[in-house]
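**Student:** dropping a prediction and its sequence here:
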Amino acid sequence: MIPELSKPSVCMRDRQRVEEIIQSLRRAGPSTLQVISDFDMTLTRFAHNGKRCPTSHNILDNSNLISEDCKKNLKELLNTYYPIEIDSGRTVEEKLPHMVEWWTKAHDLLIQQKIRKDLLAQVVKDSDALLREGYKAFFDQLQERNVPLLIFSAGVGDVLEEVIRQNSVFHSNVRVFSNYMDFDDNGVLRAFKGQLIHTYNKREGALLNTGHFQELQDRHNVLLLGDSMGDLTMADGVHNMKSILKIGYLNDKVEERKESYLGSYDIVLEKDETMDVPNAVLSHIT
Ligand code: C5P
Ligand code: MG
């Protein structure tokens, strides 16, 4: 049906069910569809030429806006909490307090650095941030078909917006839910706005943004893209959901996590740095 689904990186527990969902999305057409995607390590690459790529947080962490001392502290936080985030041996409930702690401590450190808003664009330009291969076709296709794209990220909104802007794909159909910086009158970071979004509370984030889903209430079908088990709840605010196709990037600890990903995502993409499969599915259904 879709040749890209035979790529070696593609794994599915139930191929027939996937085909049924795709058929029903295709029959309903683009006017009934909305796309909800995570940002870090879903729209951006996990690795390139054997080197890890930065998350939106890491773009700041590695930049010249941060003192050496603070970099060391942020690195320590990453080394402590990232293994917990991806640990398949702990439940989400067990992970929750650790995630809140990680994000709170990291945000506090960033605030201490008195980051200037006017320097963010240059920091993103100088960074190794990379969207996945095929990103342009993904964003352009959705814009052309008038399909709304919600980017739902536990990263830093100001930074990820700059990444998509600098890649010329911040089209008018794109909305972002994320952690946004709050700057004082001199353009210096003083806080983060609103309710904190971390990896495992996206459901609460979705339910808080009722207005967005209200606007899209006639779009009952969803294509969801994520890389974490927490991303599976990003569509919990959608009104009267009919069909949902969940595509999950399995980037890290592949063998350890494969079973649980196959149990939760309809299509699992193992160490696949491209948008080939989402693009092919979109071409087929819109
Ligand atoms: O966009 P997404 O929801 O994927 O963003 C969250 C990611 O950012 C997490 O997967 C986490 O590993 C990473 N992160 C980070 N530094 C922090 C907090 C989170 O790199 N201080
Ligand atoms: Mg992610």
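**Tutor:** That came in fine, so what should we check first? Ligands and ions are numbered 1, 2, ... in the order given.
**Student:** Q217 contacts H239, correct?
**Tutor:** Yes: applying CB atoms under 8 Å, one finds Q217 in contact with H239, separated by 4.4 Å. All C-beta spots, glycine's among them, are computed from the backbone N, C-alpha and C.
**Student:** quick one: name the residues of the chain near ligand 1.
**Tutor:** Residues of the chain found near ligand 1 (CB under 6 Å from any ligand atom) are 38-41, 55, 57-58, 78, 82, 85, 102-103, 106, 153-155, 199, 228.
**Student:** ok, the spatially most central residue of the chain - contacts?
**Tutor:** Taking CA atoms, centre = their mean, the centroid of the chain lies closest to D38, which sits 1.8 Å from it. By CB atoms under 8 Å, 6 or more residues apart in numbering, the residues touching D38 are 151-153, 225-228, 231, 234.
**Student:** tell me the one of the residues you listed nearest ligand 1?
**Tutor:** Using CB to the nearest ligand atom, S153 comes nearest to ligand 1 of the contacts of D38, at 3.3 Å.
**Student:** helix, strand, or coil at that closest one?
**Tutor:** Recorded secondary structure, S153: strand (DSSP: H, G, I helix; E, B strand; the rest coil).
**Student:** I21 now?
**Tutor:** I21 - assigned by three-state DSSP - is helix.
**Student:** picking up where we left off before, sort out for me which of the residues of the chain next to ligand 1 are in strands.
**Tutor:** Among the residues of the chain next to ligand 1, the ones falling in strands (DSSP state E) are 153-155.
**Student:** pull out the buried members of those residues.
**Tutor:** Among those, those classed as buried by 16 or more other CB atoms under 10 Å are 153-155.
**Student:** hang on, the earlier thing: farthest-separated two in the contacts of D38?
**Tutor:** Within these, two members stand farthest from each other by CB to CB: I151 and S228, at 14.3 Å.
**Student:** check which element follows the top helix by length along the chain along the chain.
**Tutor:** Looking across the chain with DSSP state H, the single longest helix is helix 92-112. As assigned by DSSP states H and E, the chain's next helix or strand after helix 92-112 is helix 120-126.
**Student:** what packs against that next one?
**Tutor:** With contacts taken as 3 or more CB pairs under 8 Å, 6 or more residues apart in numbering; DSSP states H and E, helix 120-126 sits against helix 56-61, helix 157-166.
**Student:** counting contacts, what elements does the first one pack onto?
**Tutor:** What it means is helix 56-61. Where contact means 3+ CB pairs under 8 Å, 6+ apart, helix 56-61 is packed against helix 68-85, helix 120-126, strand 149-156, helix 157-166.
**Student:** tell me the average confidence for the second one?
**Tutor:** Spelled out, that is helix 120-126. Helix 120-126 shows an average pLDDT of 98 in the prediction.
**Student:** next structured bit after it?
**Tutor:** Moving toward the C-terminus from helix 120-126, the next helix or strand (DSSP H and E) is helix 135-144.
**Student:** pLDDT of that next one, averaged?
**Tutor:** 98.
**Student:** same check, this time on stretch 168-183
**Tutor:** Average pLDDT, stretch 168-183: 98.
**Student:** near ligand 2, anything from that stretch?
**Tutor:** No: figure legend: stretch 168-183 not in contact with ligand 2 (CB under 5 Å from the ion); closest approach 11.4 Å.
**Student:** can you pull the buried residues of that stretch?
**Tutor:** Judged by neighbour count using 16+ other CB under 10 Å, the buried positions of stretch 168-183 are 169-170, 173-181, 183.
**Student:** closest to P97 out of these?
**Tutor:** Closest approach to P97 among the buried residues of stretch 168-183 (CB to CB): N179, at 18.0 Å.
**Student:** pLDDT score assigned to the closest residue to R90 other than its chain neighbours?
**Tutor:** In space, and not counting its chain neighbours, R90 is closest to I84: 6.8 Å by CB to CB, 6 or more residues apart in numbering. I84 is assigned 98 on the pLDDT scale.
**Student:** neighbours of I84, how many?
**Tutor:** 15 (other CB atoms under 10 Å).
**Student:** how close does it sit to A137?
**Tutor:** Between I84 and A137 the computed distance is 35 Å (CB to CB, to the nearest Å).
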